[in-house]
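1. This is a predicted model, with the sequence first.
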Amino acid sequence: IMLEIKDLLVKFNKILLSETVKIQAIQDVLKKTIKLDIKSEDIKIKNNTVYLNIKPIYKNEIFLHKEKINFLLEDILGKRAPTHIR
């Protein structure tokens, strides 16, 4: 059976933008912007919202840098980037 190129691209896109890849991007962006290392198990993504299991003081710091964080996530993940962080 011969696969069409578009079918391969769709599969490739799903692999690249899997939840693991998104979590890694979130970790990288947060480390870059606010110098915070977050374990992957403390990051959950549901309905295009990122939920962080971290101390409130860190969440406040993320809120202060929200625009930059969202910009960097969109730069890495494109239109499939999460839109909210909680």
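-> Received, thanks.
2. after the longest helix along the chain comes which helix or strand?
-> Counting by DSSP state H, the longest helix found in the chain is helix 19-34. Next along the chain after helix 19-34, taking DSSP states H and E as the criterion, comes strand 43-46.
3. by contact count, what packs against the helix or strand just after that following strand?
-> Moving toward the C-terminus from strand 43-46, the first helix or strand encountered (DSSP H and E) is strand 49-52. Packing partners of strand 49-52 (3 or more CB pairs under 8 Å, 6 or more residues apart in numbering; DSSP states H and E): strand 43-46, helix 56-64, strand 84-85. C-beta: built from backbone N, CA, C; applies to glycine.
4. Could you verify my assumption that residue 40 touches residue 25?
-> No. Assessed by CB atoms under 8 Å, residue 40 is found out of contact with residue 25, at 11.2 Å.
5. Same drill for the two, tell me which one is more crowded.
-> Using other CB atoms under 10 Å, the more surrounded residue of residue 40 and residue 25 is residue 25, with 18 against 12.
6. measure the residue lying closest to that one once chain neighbours are set aside to residue 24 for me?
-> Using CB to CB, 6 or more residues apart in numbering and skipping residues adjacent in sequence, the residue nearest residue 25 is residue 76, 4.6 Å away. As for residue 76, its distance to residue 24 is 9 Å (criterion: CB to CB, to the nearest Å).
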